[in-house]
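# This is a predicted model, with the sequence first.
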Amino acid sequence: MSEQNADIAKLPFEQALAELEGIVKALEQGNVPLEESIKLYERGEALKQQCDRLLKAAEARVEKITQGADGKAAGTTPLDPA
């Protein structure tokens, strides 16, 4: 990981996503010089990977509640993301 992108691993999901959205918007407008576009793209890719990591970690922690025959909560089971 480059020094420029080293701070990304510390970003919370919401902040990483907001920055990624800003990068996408800037690149879509098409008025960014080529060299800067490449740097933005690289940072955007690193931000996307951070968001993916954080989402997968959150999914692993989410559990669904199971109900007993009486309709009351009977326990939890891991979330099946499929």
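That came in fine, so what should we check first? Numbering: from 1, shown residues only.
# all contacts plus neighbour counts: C-alpha atoms, from now on.
Noted.
# what residues are up against residue 16?
Listed by CA atoms under 8 Å, 6 or more residues apart in numbering, the contact partners of residue 16 are 8, 47-48, 50-51.
# what about it, helix or strand, and which?
Element membership for residue 16, per DSSP states H and E: helix 13-29.
# Go through that helix and flag the buried ones.
Buried residues in helix 13-29, counting neighbours by 16 or more other CA atoms under 10 Å, are found at 13, 16-17, 20, 23, 27.
# Could you figure out how far whichever helix or strand comes after it is turned away from helix 13-29?
Reading on from helix 13-29 to the C-terminus, the next helix or strand found by DSSP H and E is helix 34-61. Orientation of helix 34-61 against helix 13-29 (axes from the mean of the first three to the mean of the last three CA atoms, to 10 degrees) gives an angle of 150 degrees.
# so where's this structure shaky on pLDDT?
Across the chain, residues meeting the criterion (pLDDT under 70) sit at 1-4, 63, 65-67, 78-82.
# List the contacts of the residue nearest to residue 44 when sequence neighbours are not counted.
Using CA to CA, 6 or more residues apart in numbering and skipping residues adjacent in sequence, the residue nearest residue 44 is residue 20, 5.5 Å away. Contact partners of residue 20, counting by CA under 8 Å, 6+ apart, are 44, 47-48.
# now do residue 41
Neighbour list for residue 41: residue 23 [criterion: CA under 8 Å, 6+ apart].
# can you start the count at 47 instead of 1 from here on
Sure, I'll start counting at 47 from here, so that last one is residue 87.
# just to revisit the earlier point, please list only the buried members of the contacts of residue 66.
When neighbours are counted using 16+ other CA under 10 Å, these contain these buried positions: 90, 93-94.
# Now the residue nearest to the spatial centre of the chain. Nearest residue, chain neighbours left out?
For the chain, the residue lying nearest the average C-alpha position, counting by CA atoms, centre = their mean, turns out to be residue 97 (1.6 Å). Distances taken as CA to CA, 6+ apart place residue 59 nearest to residue 97, at 5.6 Å, with adjacent residues excluded.
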